[in-house]
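Peer 1: Provided below are the primary sequence and the corresponding predicted coordinates.
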Number of protein chains: 2
Amino acid sequence: MDNFTFKSPTQFIFGRGTQTQVGKYAARCGAKKVMVLYGGGSAVRSGLIQTVAESLDAAGIDFIMAGGVQPNPVSSFVYDAIAAAREEKVDFMLAVGGGSVIDTAKAVAAGVVYDGDFLDFYRGKPVKEALPVGVVLTISAAGSEGSPNTVITDESTMIKKGASGDCLRPVFSILNPELTFTLPKYQIACGISDMMAHIFERYFTKTRDNAVTDRMCEGLLLAIRDSAMRAIIDSEDYEAQAALMWASTLAHNNICGVGREQDWGSHALAHQLSALFDAAHGAALAVVFPAWMKYCIDEDAELFARMAVNVWGVEPAEDKKAVALAGIECYIDFLRSIGMPTTLAQLDVEEKEIPRLVELLFAAGGAGRFKKLTPADAEAIYRLAL
Amino acid sequence: MDNFTFKSPTQFIFGRGTQTQVGKYAARCGAKKVMVLYGGGSAVRSGLIQTVAESLDAAGIDFIMAGGVQPNPVSSFVYDAIAAAREEKVDFMLAVGGGSVIDTAKAVAAGVVYDGDFLDFYRGKPVKEALPVGVVLTISAAGSEGSPNTVITDESTMIKKGASGDCLRPVFSILNPELTFTLPKYQIACGISDMMAHIFERYFTKTRDNAVTDRMCEGLLLAIRDSAMRAIIDSEDYEAQAALMWASTLAHNNICGVGREQDWGSHALAHQLSALFDAAHGAALAVVFPAWMKYCIDEDAELFARMAVNVWGVEPAEDKKAVALAGIECYIDFLRSIGMPTTLAQLDVEEKEIPRLVELLFAAGGAGRFKKLTPADAEAIYRLAL
């Protein structure tokens, strides 16, 4: 176990009907002029944006609306929102949506108070200062509602890159599972794939002796495994959606990652699929992660076998590699059962695209720490995913 | 799953050598005049108090020392410390020790800024304001380093009572497992019993559908189970002590208790043993909890059986009660293996004392929510523990 520091100061407000409290919590955080960011029309059509507006009104808080954030959010939107936020003297960012909206709100929050190009933060500059960000979550997936991270696609290069800073952890996040009832099954499944991937990236580590963190990872994976099909079959199953929403948050606020080196290679491999082919993030991860696992199994067959036994219920056996492979097959079956693609072909990505994907991956800085990938490794993993 | 709010803003600084950073973190929290609370002479003899003093000095922070906090801390010490803190214009409480020291620091922190008897907070008044509290932890047990709670014995009645308030969550907690290397085995075992009990109190609930919280509880219990004997055999096993230290913190910062009603009956039963017979808190819990489990099994045999299977490795079977009982026997064996008492006799408490224990319990307000105990229930549980 490595030394670590951990602080997760976000106030989580979890449960039915909680979105009506957004004004109260924003007021407690000192908000005077809020920019409400959201995505497409569903947040408007469902009445959620209206509810948020009424709650802010009731708390005496002024606000401007900024809709239209796209999945895999891009830098041009952030530049425009920063300009608008400065113009309107916004002092609080409120994200009403999922990972794309929250990540955009964080980019704007950092950019507004920075005298330079906000993309500097996505090129390695740590974020030290930002407007406070609040969240009303509508999709269980990215975990950005509890994390210090944000991912934006730089349109000049089409490279998806991340930035980070403790000041980007939301000051509050309102988590009402009911808000996910109307999501299409495919989006619910993408979210499930994403939250599991956040745990895998932390689980596969070369750091020895992580009894607590290993068990937390396995516990969350079990809760996700047991709730996933319920939510896919009946998206109005409150308890299943509640488990997924809370799991997605804990999967990425780093309580499952402390004290160890993390990998994040599969995320880098998946990001290129999203950037070039606009693949949904969760779907791209569902294609990449099983291939990455198969390729990396010899790095630590015992660890892969442990997950197979403790998460997927594979019988323990002498041959760790066989146990590990059986676990990966269970994971693939699980992904298929919830309707996720597990091959590049299902994303309409052909073999001939692999060199471009590898090139883009290394232009973005390479991938992996559990296994530091060479271009040949990356190519082999993409091939395993064909 | 019930609606909940959760916020754990404590900065945890975990790992080897971290106690030398206490001055830096206190300075970041704006400390100018610190009261350093500690217990007996071991913190002095080990050089820890000297290290803390040097670190505060190096950060330019003035401080006063207040040693002598006793296990099962009492109100008279708190009154004296409040008076001294006011006299010296202390603006930050630093607890160097375990639960008793931290709970005392919290009592002083709340009392200093309150124009009345600090015991009001232990009679039900919520704590809304307090000096900031920092921690250098020396025992893995109580979890007070991450919790909003404090327990003090009111000497006028000899009743142990708790107070709570979000402002009592420490602003930082320095967790160095090396500081627990010199603990006697008995104290390590008491800590293990205590942290497990904190999870049990949260696990046994009538609230339905807690997939995530149930799995987190089970995961932490497994990590404790797997590390306990290692730490008892070799108290300098860093990884085992690290697992116990981090587990003890997560067992009680309430990440394992959100979204559900909690019981806390066994703690109330155990508190009376500490108050009347000065039993170590962890030892009292080791005696009470198995008896409580046996007595309450019919409240939800399925839940007890689940723990038996998922934590103690009992084979699942049709007869849930039999599985549950087998799990409780595993727990008792575990307690014995680490050197904990499991009967009142081992605490030198005789049968004839039970009426007094029951009387004191109900004078303190009764016990239990998973099963709300009547005096007859409490008597039966104490009898089962004979």
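Peer 2: All right, it came through fine. Numbers count the residues shown, from 1 in each chain, chains lettered A, B, ... in the order given.

Peer 1: ok, now how distant is A:Tyr295 from chain B?
Peer 2: 28 Å (Cβ to the nearest Cβ, to the nearest Å). In this view, the C-beta of every residue, glycine as well, is placed from N, C-alpha and C.

Peer 1: A:Tyr331 now?
Peer 2: Remark: distance between A:Tyr331 and chain B (Cβ to the nearest Cβ) = 18 Å.

Peer 1: I'd like the mean pLDDT over the helix or strand harbouring that residue, please.
Peer 2: Secondary structure from DSSP states H and E places A:Tyr331 in helix A:320-337. Helix A:320-337 shows a mean pLDDT of 98.

Peer 1: same thing with stretch A:165-180?
Peer 2: When pLDDT is averaged along stretch A:165-180, the result is 97.

Peer 1: can you give me the helices for the stretch 151-300 of chain A?
Peer 2: According to DSSP state H, counting those that start in this stretch, the stretch 151-300 of chain A carries its helices in the segments A:185-203, A:211-233, A:238-250, A:265-277, A:281-296.

Peer 1: quick one: secondary structure of the residue sitting furthest away from the middle of chain A?
Peer 2: Note on chain A: the largest C-alpha distance from the chain mean falls to A:Glu318, namely 35.7 Å (Cα atoms, centre = their mean). Using DSSP: H, G, I helix; E, B strand; the rest coil, the secondary structure recorded for A:Glu318 is coil.

Peer 1: what of A:Val135?
Peer 2: Here A:Val135 is recorded as strand under three-state DSSP.

Peer 1: neighbours of the nearest residue to it once chain neighbours are set aside, how many?
Peer 2: Nearest non-adjacent residue to A:Val135, counting by Cβ to Cβ, 6 or more residues apart in numbering or on different chains: A:Ser173, 4.1 Å away. Residues within reach of A:Ser173, counting by other Cβ atoms under 10 Å in any protein chain shown, total 25.

Peer 1: then A:Pro9?
Peer 2: Neighbours around A:Pro9, by other Cβ under 10 Å: 14.

Peer 1: who's in contact with A:Arg215?
Peer 2: Neighbour list for A:Arg215: B:Gly219, B:Leu220, B:Leu222, B:Ala223 [criterion: Cβ atoms under 8 Å, 6 or more residues apart in numbering or on different chains].

Peer 1: ugh, wrong one, A:Ala130
Peer 2: A:Lys106, A:Ala109, A:Ala110, A:Val112, A:Val113, A:Gly165, A:Cys167, A:Leu168.

Peer 1: ok, A:Val78 next?
Peer 2: Shown in contact with A:Val78 (Cβ under 8 Å, 6+ apart): A:Thr104, A:Ala107, A:Val108, A:Gly111, A:Phe118, A:Ile152.

Peer 1: and the stretch 251-386 of chain A, which of its residues are near chain B?
Peer 2: The stretch 251-386 of chain A comes close to chain B at residues A:Ile255, A:Val258, A:Gly259, as judged by Cβ under 8 Å from any Cβ of the partner chain.

Peer 1: the same query, at a cut-off of 10 Å, please.
Peer 2: A:Ala251, A:Asn253, A:Ile255, A:Val258, A:Gly259, A:Asn310 (Cβ under 10 Å from any Cβ of the partner chain).

Peer 1: any idea how chain A splits into domains?
Peer 2: Structural domains annotated on chain A: A:11-179, A:184-384, as defined by automatic domain parsing.

Peer 1: list the contacts of the nearest residue to A:Leu269 once chain neighbours are set aside.
Peer 2: Distances taken as Cβ to Cβ, 6+ apart place A:Val288 nearest to A:Leu269, at 4.6 Å, with adjacent residues excluded. Contacts for A:Val288 (Cβ atoms under 10 Å, 6 or more residues apart in numbering or on different chains) come out as A:197, A:265-273, A:279, A:342, A:344, A:381-382, A:384-385.

Peer 1: filter the residues you listed down to the buried ones, PyMOL style.
Peer 2: In PyMOL syntax, the buried subset of those is picked out as below (16 or more other Cβ atoms under 10 Å in any protein chain shown):
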select buried, chain A and resi 197+265+266+267+268+269+270+271+272+273+279+342+344+381+382+384+385
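
Peer 1: ok, back up a step: give me the pLDDT for the residue nearest to A:Leu269.
Peer 2: For A:Val288, the pLDDT comes out at 98.

Peer 1: next: A:Thr18.
Peer 2: So A:Thr18 comes in at 98 (pLDDT).

Peer 1: who touches it in this structure?
Peer 2: Counting by Cβ under 10 Å, 6+ apart, A:Thr18 touches A:12, A:25, A:136-137, A:173-179, B:3-5.

Peer 1: now with 6 Å, please.
Peer 2: Contact analysis of A:Thr18 by Cβ atoms under 6 Å, 6 or more residues apart in numbering or on different chains lists A:Ile174, A:Asn176.

Peer 1: quickly find the element holding A:Ser8.
Peer 2: Assigned by DSSP H and E, A:Ser8 falls in strand A:4-14.

Peer 1: coming back round to it: for the helices of the stretch 151-300 of chain A, which has the smallest mean pLDDT value?
Peer 2: Among these, helix A:265-277 scores lowest, with a mean of 92.

Peer 1: quick one: A:Ile328 and A:Ala308, what's the gap?
Peer 2: The spacing between A:Ile328 and A:Ala308, counted by Cβ to Cβ, to the nearest Å, is 7 Å.

Peer 1: name the residue in those two with the higher neighbour count.
Peer 2: The neighbour count for A:Ile328 versus A:Ala308, taken as other Cβ under 10 Å, is higher for A:Ala308 (26 against 21).

Peer 1: how close does that one sit to B:Ile328?
Peer 2: A:Ala308 is 30 Å from B:Ile328, where distance means Cβ to Cβ.

Peer 1: what's the closest non-adjacent residue to A:Ala142?
Peer 2: Excluding its sequence neighbours, the residue lying closest to A:Ala142 (Cβ to Cβ, 6+ apart) is A:Gly99, at 2.5 Å.

Peer 1: count the neighbours of that neighbour for me.
Peer 2: Neighbour count of A:Gly99, defined by other Cβ under 10 Å: 28.
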